[in-house]
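Engineer: Just need the structure, nothing else, for what follows:
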Amino acid sequence: MGSRIKAFSELLAELQASADVVASLSKDSETEPEILAEFAAMVTKFGPILDDMRESKIMDTPPIRKAVESLEKELGRARGLMRNPNPKISVKQIEELTRGLGRSLGLVLFSSLDFLSADVKEKIGALYKEMMNAKFDTSWSPDREESEFDLKTEFVNEFGVEDDITEEVEEIEEIEEIEEIEEEIITLDIDDVVLQLKYGNDEEFKFALSELRSLISDQMVDGEWINDEGIVLILSNRLGSSKPNNRLTIIQMLRNLVMENANNKEKLADPNSLSTIVKSLTRDVEERREAVGLLLDLSDLPAVHRRIGRIQGCIVMLVAILNGEDPVASCDAGKLLYALSSNTQNALHMAEAGYFKPLVHYLKEGSDMSKILMATALSRMELTNQSRGSLGEDGAIEPLVKMFNAGKLESKLSALSALQNLSMLTENIQRLISSGIVVALLQLLFSVTSVLMTLREPASAILARIAQSESILVNHDVAQQMLSLLNLSSPVIQCHLLQALNSIAAHSSASKVRNKMKDNGAIHLLLPFLSETNSRTRTDALNLLYTLSKYLPAEFTEQLGETHINIIVNIIALSTSDNEKAAAIGILSNLPVSDKKATDTLKRANLLSILVSIMSSIPAPSTPTTCWLVESIAGVFIRFTVPSDKRLQFFSAEHGVIPLLVKLLSSGSPVAKCRAATALAQLSQNSLSLRKSRSSRWFCVPPSVDAYCGIHDGYCFVKSTFCLLKAGAISPLVQILEDDEREADEAALSALATLAQDEIWEHGINYITKPSGAQPIIKVLELGTVKAQEKALWILERIFRVEAHRVQYGESAQVVLIDLAQKGDPKLRPTVAKLLAQLELLQAQSSYF
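Structural biologist: A predicted model of the protein is given here:
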């Protein structure tokens, strides 16, 4: 009769008992005690695992039984070795025993995946990995050598009978039988690995990946098997749907497979596989790094080379990785981008993603068609200033200028359009000037060759940008040449030329150029543009006229007749453009106040009503244009409030100018505040003479108590006496002095000084110091200009005439005054000495100053 087949539960019980014996023998061994203790610790972990397997009610299938039997045979080997009376055991033997047990444990796991819980699988997998990776320190047995042991010694039977030749032969036969069974189980297991790679869930797939890696590293499978089983495609197909850790492992394995066998690259060259790999460029750092490396490994295939650049988002991601913080990924991305840039379309995609070096390379060294392609694309790109800066730094301007100078028509046009785009950045303007292009652009504008006419617009646009740099002034006759082109050009070119001329005339060092423009009839040439129907051309002409009127007011007024003034007022009244209004009003604000003829013309044209209406409708959040508009209006109000013409002042007050001026003290720009304070100062100069005495008999109806003015000691009204107190202007004027901006100090002090005139100084000083004391005045002494300091000292001298003020503010003023005496402008010293004497810090007759 054949031997009884053990029940599966009995087999597991014997297996657990065998594991316990091996662990016990290992612990008690006197040979290599520390290494065997480590080995015993691993074998001890079999107990809980086998308990879990019994509880899992694993089915008794042939593959599972063969796997368990394989594990039993491995434990038998270990048990026999431990019981061997010969004490010599090599470290290598222990490592082989450990891996043998690990391999058999792996077979058990793979054969029973469908029956085990996730927790049990994880335990078995962890022990499997620990045993397969076990390395024991060989320093514990330096004199051991495996050659000392023969087959008989390694695999003695468990009873230790060495001298029985028959039993030895049976042992050898048994071992051979075990190896045959193991080989059969492994073959079945490899098939399971492939199945789990194809169809397993995430956890099964993860374990299958690990086993595949072991099979490859242990050389249990070869390249032929990998090819026959389609492993590369299986991994590629699973990449897109796998979890992050599995994706990383897949890509790493694919990299190894393509490095070991170049034929595997072809299997990943299809669009789907490449697209899946490209998606990993958007993942975490490690996966991204490996994905870039894999794409680089594949990039030497022409098919891959062609296809990678076409995959949506690939080049954008590669550029992002190139600029990222991972040095390995960045280096590989750079190499891959360099390889891909041999295709011009890829180079364009790189430029669109912000990587311009390949494009610049084509501009420098490409074929004529490639240069035109790159320049045309560059002209159409919506570049950021950072991108324009990168292109300038990478050297794009020089080859484009060369294309413009030496190329044919298509080359010239594409180059100019690209340069027009790059010229939007200030830093590139200097590069353009250094390239010598200005002369060539002007020559082009003067050209009458019909084929070159299409080039004139971009050429004039570039000149307009270049003119923003003062460096253009090295071309001495450039402004005069542009002026001579104005009436020979289309509206678009006229606009660019007017913009360029305005930039040139506005440069602080361009006084000689402005005078030359005036001498050569620039104002006379520009005035007809005020009647231009093209609003853009008219606005650009107004801007240039404003600049010339700012620097050449007298000469400008000589050529500006009543007709042109009326045209300007009409533009102000009808224009819907704030920029155009601001320029037109700015021209009028620059006309000399002393020109009464111009004032009368403006009064007849009802300008004041128009300006008050505009001021009342300007929205609160100011823009640079509305700020300029308000400043220009405030400048015109100065003309209408001159103290020498009380009738004109009454005219302004009746139109509601004063409340607008007071509002500007708090809400305007520093320039607007300064102009508003100047206008109010002019009005306040006449307040004292216009006040109504308390004893006056000219009132038909007695004034209310509120009409009494504590400063002017009479009855004051905003519209008839222009009183700053009644207008509520004192506090905002003082606040200007307290603010950090210093531009309006002098004007504010001038206005306050009108309240400290000899006849009313004591009352005026009390109101000036009421909001914040003398500190705002003292602050101007510390931080203001010399003219502002001079006015501040004048007011402070009147403040310190009052003993109470000397006591209250004298101590805080003396430090500033002493410092001003020692380090201030010499012309201030007499007034400073007078103040120090008031504070009794210096004798009135001192010769110190």
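Engineer: contacts, neighbours, all on C-alpha from now
Structural biologist: OK.
Engineer: Okay, now the unreliable bits of this protein?
Structural biologist: Within the chain, the ranges that satisfy pLDDT under 70 run 1-5, 30-31, 57, 59, 85-88, 137-189, 621, 694-705, 841-849.
Engineer: Centre-most residue in it?
Structural biologist: Per Cα atoms, centre = their mean, the C-alpha nearest to the average position across the chain is that of residue 386, at 9.1 Å.
Engineer: measure it to residue 309 for me?
Structural biologist: For residue 386, the distance to residue 309 (Cα to Cα, to the nearest Å) stands at 24 Å.
Engineer: got it, and residue 336?
Structural biologist: Residue 336 sits 10 Å away from residue 309, taking Cα to Cα as the criterion.
Engineer: Could you do residue 430 as well?
Structural biologist: 36 Å.
Engineer: What of residue 600?
Structural biologist: Taking Cα to Cα as the measure, residue 600 falls 72 Å from residue 309.
Engineer: if we can go back for a sec, of residue 430 and residue 309, who's got more company?
Structural biologist: The neighbour comparison of residue 430 against residue 309 (other Cα atoms under 10 Å) goes to residue 309, with 21 against 17.
Engineer: count of neighbours near the residue nearest to that one when sequence neighbours are not counted?
Structural biologist: With sequence-adjacent residues excluded and distances taken as Cα to Cα, 6 or more residues apart in numbering, residue 309 is closest to residue 346, at 5.8 Å. The criterion is other Cα under 10 Å. On that basis, residue 346 has 22 neighbouring residues.
Engineer: Residue 346 in helix, strand or coil?
Structural biologist: Recorded secondary structure, residue 346: helix (DSSP: H, G, I helix; E, B strand; the rest coil).
Engineer: what about it, distance to residue 359?
Structural biologist: Here the criterion is Cα to Cα. By it, residue 346 lies 9 Å from residue 359.
Engineer: what's the answer for residue 27, then?
Structural biologist: Distance of residue 27 to residue 359, computed by Cα to Cα: 71 Å.
Engineer: Any buried residues in stretch 503-511, and which?
Structural biologist: Applying a neighbour-count criterion of 16 or more other Cα atoms under 10 Å, one finds 503, 504, 505, 506, 507 buried in stretch 503-511.
Engineer: same thing with stretch 770-785?
Structural biologist: Counting neighbours by 16+ other Cα under 10 Å, stretch 770-785 gives 773, 774, 775, 776, 777, 778, 779, 780, 781, 784 as buried.
Engineer: Next up, phi/psi of the fifth one, please.
Structural biologist: Per-residue torsions, residue 777: phi -70, psi -40 (degrees, to the nearest 10).
Engineer: what about the nearest residue to it once chain neighbours are set aside, is that helix, strand or coil?
Structural biologist: Leaving aside its chain neighbours, residue 777 sits nearest to residue 792 (5.7 Å; criterion: Cα to Cα, 6+ apart). Residue 792 falls in the helix class when you classify it by three-state DSSP.
Engineer: Am I right that residue 439 falls within a helix?
Structural biologist: Yes - counting by three-state DSSP, residue 439 is located in a helix.
Engineer: do you know how far it is from residue 456?
Structural biologist: As defined by Cα to Cα, residue 439 lies at a distance of 13 Å from residue 456.
Engineer: who's more crowded, the two?
Structural biologist: Under the neighbour definition other Cα under 10 Å, residue 439 and residue 456 were set side by side, and residue 456 has more, 23 against 12.
Engineer: how far away is the more buried one from residue 497?
Structural biologist: Residue 456 is 11 Å from residue 497, where distance means Cα to Cα.
Engineer: ok, now residue 287?
Structural biologist: 56 Å.
Engineer: Angles on the backbone of residue 295, please.
Structural biologist: Residue torsions, per degrees, to the nearest 10, at residue 295 are phi -60, psi -40.
Engineer: can you give me the strands in this structure?
Structural biologist: Taking DSSP state E, the strands of the chain run over residues 708-709, 714-715.
Engineer: Counting by contacts, list what the first one packs against.
Structural biologist: Contact partners of strand 708-709 among helices and strands, from 3 or more Cα pairs under 8 Å, 6 or more residues apart in numbering; DSSP states H and E: strand 714-715.
Engineer: thinking again about what came up before, can you tell me which of the buried residues of stretch 770-785 is nearest residue 478?
Structural biologist: Within the set of those, residue 784 lies nearest residue 478; the separation is 40.4 Å, counting by Cα to Cα.
Engineer: May I have the phi/psi pair for the closest residue to that closest one other than its chain neighbours?
Structural biologist: By the measure of Cα to Cα, 6+ apart, the closest residue to residue 784 outside its immediate chain neighbours is residue 742, 6.4 Å from it. With angles defined as degrees, to the nearest 10, residue 742 sits at phi -110, psi 0.
Engineer: Count the residues that sit near residue 742.
Structural biologist: Residues within reach of residue 742, counting by other Cα under 10 Å, total 17.
Engineer: Does it touch residue 786 like I think?
Structural biologist: No - shown here, residue 742 and residue 786 do not form a contact pair, counting by Cα atoms under 8 Å, at 11.7 Å.
Engineer: Since that was my last question, I'll sign off now.
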